[in-house]
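In: Make a model of this:
(chains A, B and C)
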Amino acid sequence: MDYHIQQLINGISVGSIYALIALGYTMVYGIIKLINFAHGDVFMVGGFVGLFSTQILEKFLPPVPMFLAALIISMLFSAVLGVLIERLAYRPLRGASRIAVLITAVGMSFLLEYVMMAIVGPQAKGYPGIIAKKTFHLYGEIQIDSNQIMILAATIVLMLVLVYIVHKTKTGKAMRAVSFDMEAARLMGINVDRTISATFAIGSSLAAAAGVIFGMTYSSIDPLMGIMPGLKAFVAAVLGGIGSIPGALVGGLLLGTIETEVSANGFSTWRDGVAFLVLILILIFRPSGIFGKNIREKV
Amino acid sequence: MISPAVLLNVKEASRQFGGIRALTDVSIQLRTGELIGLIGPNGAGKTTLFNLLTGVYEPSRGEITLNGQSIGGKKPYQICHKGAARTFQNIRLFGEMTVAENIKIAYTQHAKYSIWSSFFRLPGYLRGEKEIEEKTDELLAIFRLSEHKDEKAKNLSYGAQRRLEIARALAARPKLLLLDEPAAGMNPNETRELMNLIRWIREEFDLTILLIEHDMSLVMGVCDRIYVLDQGKLIAEGTPDRIRNNRAVIEAYLGQEA
Amino acid sequence: MPILRKLGTFWTFLASSFVIYGVIQLLISTNAIGDVAKTTIIMIGINIILTVSLNLINGITGQFSLGHAGFMSVGAYVSAIMTLDFNVPFPLALLIGGTAAAASGAIIGIPTLRLKGDYLAIATLGFGEIIRIIFLNTEYVGGAAGLSGIPNKTTWLWLFLFTLLSVIMIQNFIRSKHGRACIAIRENEIAAEAMGINTTTYKVIAFMIGAFFAGIAGGLSAHFFYVISPSSFGFMKSFEILLMVVLGGLGSTSGAILGAIVITLLFTALAEMPELRMIIYSASLVLMMIFRPGGLLGTKEVTLSFLKKKEGNPHDIASRSA
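Out: Okay, here's the model as predicted:
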């Protein structure tokens, strides 16, 4: 029993990172029906910006404020990056076929990865541990370490902020309106372009936060680190129901937990395969995901 | 009209989408060789009925038989093989394919040659293609589309596109032809031409035709009988004269006008 | 007369192919070209088979598949096992590899049938990764280290023959009623069904044929580079093949061939700078989608009649509205 609770804690940790990234996927898909393939790489960029910020700031600030400053810088930078990507690569293709946009997104993803690689080189860079890692015993064999607490805390805080934005601000209302019916929202006087940019900005900043947290937890980052987590976060979004914010959270946590279980049961080399298997199963049996709804084509 | 055998028999067909009852207990019969109209205000369920007849939807309840064979719930391509072909309310042509190629598609089921045959251009392929080419040319000539043969379908004029869709449906060699608002967007001249075309193809191709239309002059002008749907239910049936004066029908339509 | 014109194009194509064969064979026999050039030529052939087969699935049938490298890997591994462990003659090993790949094409095609657009793309990506992970975890094929010591059986002759056959067979398929059925599915699936096309069957067939030839390409590749490992068949490889098809023009066989040639040459030219190469690839893809989504040829094919064709915008699939 203890063992399973431990796995649950580990799973939720991993899953939170997926959830933070998945939120960006789900919000962008909800609003313009685009799978932003480059989103996982924004996660990676966020991690690197966090790293650079830390390297500069650690001379001036004590650990905790430095961490928060690095986090915020990274989130802001990535928000801008996300908006830029949308403006330069996706907006010109607004009327184009889905295939064209998908291809562009794939291209964008590789572009980000290899430009970063050209800048920092392909090797992994070490990430400073901001907070000294301490392990807490909960009871019995169950432990939780400071990184996991941080992940959980950060995720909860960010989720609350997101929910506030989506439900209590004008921007959030606009986002929900545009997701529901873009044309109607436009007719209601909502600035659709700006709303889409805001969606990208918010999604990207969450991914960046995940990147910083990831770097701190796993102590190293590299230019290709966004690929797998990006794909898995997408699976998580689909699992939860693409377009649904609670879905992204639930999907992320669920996927993280399943992955951890599989890995812990001795199938660690199959770990990456889990996400894809889940994806195939979901798409075959319940493509709308846990919280999603079905849309039919009119004949 | 020789044999009055029933070609299409729809018994109490119903279709529900979640809570919405699109069709309730609709029963219609088409005898071989008849030209039947299906009218009703917008949203009455006419296209839904077509979709049931052509396999796009499964009936929630009821039976549909074509030529004695049950087709309710079968897949569209199977129903096509059994002898029903249709046109669509919003024209569904294969835009990037040429006019000729659009028609050739409907011959896929008739000219039989295997994939192996096509890989290596074996005699079976050559024979099959020759037959398809000849039949296509015939149809193109009938529908005055020969000069557009190698043009992409998406580049045709609206009227020509509608003709092409009908030609394509006929290439499938159906016994039952379902036309979904074939006169939509046409001016009175074009509509009159269409009426002549429809009458002519009924004779020439030995067809039974079911036709959805809003243009009353067309419906009253060509149809032997008319069924009227309103809000998913059949509210009247009869000859054009009877329908013209039917109280329920008039109310259904007037009720629509704001 | 259209039939004569088509024959004209075909025989011209065949004749020029043989000329190319002869010239290159001469260059190779007299050692006039170095290893790098020879490798590039072989790679061009392999990539042509890959692009023409992917074009059948993506461009012709409109089923967006991002897992083509997976089919290639099945063909590579199976054919290598045949020659290494069972001493099967090379051409037969290739065919067996292709058949295995076709089977995997069916396995992937069937469950993903009703998915559309983005979802189908992601599902095929997922399947491609699953195949890679299966090979990664299978000791019999070497796991992460893969297979090495694969006999070098891919001569210019074999490569030429298989490339020529692949192109001819796929092009013949496209120009038959079966190919037309696939195009109809791409253009308007609902109408295709209504006109009697069993869209389910044809989609699976397209996957299987595309996979078969990708498997052949995989086998040819394995027996030239004599080492294969799961990492050479990841999403990156699928992306490269996709790039080649899109560059040439989605839906056009001649475009696919052109794209394969251009990108392979670029690949060789930039072999020393893999990061720069990737940056150029991806930037080109993005720019192309924005400015010229039809690629170089759109859906147009290269035929002799192009001399008589009237001017018009490249008709292309990628730029049409959803």
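In: Report all helices and strands that the longest helix anywhere in chain B contacts.
Out: In chain B, assigned by DSSP state H, the helix with the most residues is helix B:123-142. Applying 3 or more C-beta pairs under 8 Å, 6 or more residues apart in numbering or on different chains; DSSP states H and E, one finds that helix B:123-142 contacts helix B:99-106, helix B:115-119, helix B:158-171, helix C:177-187. The C-beta positions use only the backbone N, C-alpha and C, and glycine is treated the same way.
In: nearest to C:Leu14, of the ones you listed?
Out: Among the helices and strands packed on helix B:123-142, the nearest to C:Leu14 by C-beta to C-beta is helix B:115-119 (15.8 Å).
In: Is there proximity between that closest one and chain C?
Out: Yes: using C-beta under 8 Å from any C-beta of the partner chain, helix B:115-119 reaches chain C at B:115, B:117-119.
In: so how far is chain A from the residue of chain B most remote from its centre?
Out: Most distant residue from the mean C-alpha position of chain B: B:Phe120, 36.5 Å away (C-alpha atoms, centre = their mean). Note on B:Phe120: its distance to chain A, by C-beta to the nearest C-beta, to the nearest Å, is 31 Å.
In: ok, that residue to B:Ser114 distance?
Out: 10 Å (C-beta to C-beta, to the nearest Å).
In: Quick check: closest non-adjacent residue to C:Leu270.
Out: C:Arg277 (4.0 Å; C-beta to C-beta, 6 or more residues apart in numbering or on different chains).
In: now do A:Arg98
Out: Using C-beta to C-beta, 6+ apart, the closest residue to A:Arg98 is C:Gly117 (4.3 Å).
In: Tell me if I'm right that that neighbour and A:Ile99 touch.
Out: Yes: judged on C-beta atoms under 8 Å, C:Gly117 makes contact with A:Ile99 at a distance of 7.0 Å.
In: Show me where chain B dips below the pLDDT cut-off.
Out: Chain B contains residues with pLDDT under 70 at B:1-4, B:255-258.
In: show me where it has helices.
Out: Counting by DSSP H, the helices of chain B are B:46-53, B:76-81, B:99-106, B:115-119, B:123-142, B:158-171, B:188-204, B:216-222, B:240-244, B:247-256.
In: quick one, what contacts the residue nearest to A:Gly251 when sequence neighbours are not counted?
Out: Distance criterion C-beta to C-beta, 6+ apart; nearest residue to A:Gly251, sequence neighbours excluded, is A:Gly240 at 2.8 Å. Residues counted as contacts of A:Gly240 (C-beta atoms under 8 Å, 6 or more residues apart in numbering or on different chains) are A:22, A:26, A:246-252, A:254, A:289-292.
In: Dump the residues you listed into JSON lines; add neighbour count and secondary structure as well.
Out: Shown next, in JSON lines, are the contacts of A:Gly240 (neighbours: other C-beta atoms under 10 Å in any protein chain shown; DSSP: H, G, I helix; E, B strand; the rest coil):
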{"residue": "A:Ala22", "neighbour count": "37", "secondary structure": "helix"}
{"residue": "A:Thr26", "neighbour count": "32", "secondary structure": "helix"}
{"residue": "A:Pro246", "neighbour count": "14", "secondary structure": "helix"}
{"residue": "A:Gly247", "neighbour count": "26", "secondary structure": "helix"}
{"residue": "A:Ala248", "neighbour count": "36", "secondary structure": "helix"}
{"residue": "A:Leu249", "neighbour count": "26", "secondary structure": "helix"}
{"residue": "A:Val250", "neighbour count": "21", "secondary structure": "helix"}
{"residue": "A:Gly251", "neighbour count": "33", "secondary structure": "helix"}
{"residue": "A:Gly252", "neighbour count": "31", "secondary structure": "helix"}
{"residue": "A:Leu254", "neighbour count": "20", "secondary structure": "helix"}
{"residue": "A:Gly289", "neighbour count": "23", "secondary structure": "coil"}
{"residue": "A:Ile290", "neighbour count": "16", "secondary structure": "coil"}
{"residue": "A:Phe291", "neighbour count": "19", "secondary structure": "coil"}
{"residue": "A:Gly292", "neighbour count": "20", "secondary structure": "coil"}
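In: what's the lowest-pLDDT member of these?
Out: Within the contacts of A:Gly240, A:Gly292 has the lowest pLDDT, namely 78.
In: Kindly provide the distance from that residue to chain B.
Out: Distance, A:Gly292 to chain B, by C-beta to the nearest C-beta: 16 Å.
In: same thing with C:Met289?
Out: 19 Å.
In: That residue and A:Ile99 touch, don't they?
Out: No: using C-beta under 8 Å as the test, C:Met289 is too far from A:Ile99 to be in contact (9.3 Å).
In: So between the two, which is more surrounded?
Out: C:Met289 (28 against 24; other C-beta atoms under 10 Å in any protein chain shown).
In: Spatially nearest residue to that one, not counting backbone neighbours?
Out: Counting by C-beta to C-beta, 6+ apart, C:Met289 lies nearest to A:Thr104, which is 4.3 Å off, once chain neighbours are set aside.
In: For that neighbour, give me phi and psi.
Out: Recorded main-chain torsions at A:Thr104 are phi -60, psi -40, according to degrees, to the nearest 10.
In: okay, the residue most central in space within chain C: pLDDT?
Out: With distances taken as C-alpha atoms, centre = their mean, chain C has C:Leu50 as the residue nearest its mean C-alpha position (1.8 Å). Listed pLDDT for C:Leu50 reads 97.
In: With just CA atoms, put the helix or strand hosting it into CSV.
Out: In this structure, C:Leu50 is located in helix C:35-55 according to DSSP states H and E. Output in CSV follows, covering the C-alpha atoms of helix C:35-55 (Å, rounded to 0.1, in the frame of the first residue of the first chain):
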residue,chain,number,x,y,z
ASP,C,35,32.5,7.4,-52.5
VAL,C,36,30.7,10.5,-51.4
ALA,C,37,29.1,10.9,-54.8
LYS,C,38,28.2,7.3,-55.0
THR,C,39,26.6,7.4,-51.5
THR,C,40,24.6,10.4,-52.5
ILE,C,41,23.3,8.8,-55.6
ILE,C,42,22.3,5.7,-53.7
MET,C,43,20.6,7.9,-51.1
ILE,C,44,18.7,9.7,-53.8
GLY,C,45,17.3,6.5,-55.0
ILE,C,46,16.3,5.4,-51.6
ASN,C,47,14.7,8.8,-50.8
ILE,C,48,12.8,8.7,-54.1
ILE,C,49,11.2,5.5,-53.1
LEU,C,50,10.4,7.0,-49.7
THR,C,51,8.9,10.1,-51.0
VAL,C,52,6.9,8.6,-53.8
SER,C,53,5.4,6.1,-51.3
LEU,C,54,4.7,8.7,-48.7
ASN,C,55,3.1,10.9,-51.3
